[in-house]
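Chemist: Build me a model:
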Amino acid sequence: MNLKENWIQETLNSVDNIKRTEVSSQLAERLSNVSFPKVKIIAMLPFVKWIAAACIVLLAGINLVSITQYNKTITTNQTVSNPVYSEYFSYLNTLK
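Modeler: You can find the predicted model right below:
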């Protein structure tokens, strides 16, 4: 065997003699007295899920409309305020 295989075998054999540790009686008693909070699962009604989904879609739609309107306003302002733009890039207006 080469050096790497020996190292692998030594590593695998090192866990052979490991034994489980004993838990002290005090620790076992304390662990048995621990009370875990009861979890209450609250299920959403289907119409609430649909209302939430509709709100998300509505919000995304409003954002898209406002972004397109803002871009149109910026393009219009650039055309009016910059005569060079309107002269040389007027063909871009026909592409819309």
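Chemist: residue nearest the centroid of this protein?
Modeler: For the chain, the residue nearest the mean C-alpha position is Ile56 (16.4 Å; Cα atoms, centre = their mean).
Chemist: For whatever helix or strand that residue lives in, name the packing helices and strands.
Modeler: Element membership for Ile56 (DSSP states H and E) is helix 46-81. Applying 3 or more Cβ pairs under 8 Å, 6 or more residues apart in numbering; DSSP states H and E, one finds that helix 46-81 contacts helix 83-88. The way it works is simple: take the backbone N, C-alpha and C, and place the C-beta from them, glycine included.
Chemist: and the helix it packs on, average pLDDT?
Modeler: The pLDDT scores in helix 83-88 average 68.
Chemist: same thing with stretch 10-22?
Modeler: Stretch 10-22 comes out with an average pLDDT of 83.
Chemist: quick one: the residue nearest to the centre of the chain from Ile62, how far?
Modeler: Remark: distance between Ile56 and Ile62 (Cβ to Cβ, to the nearest Å) = 11 Å.
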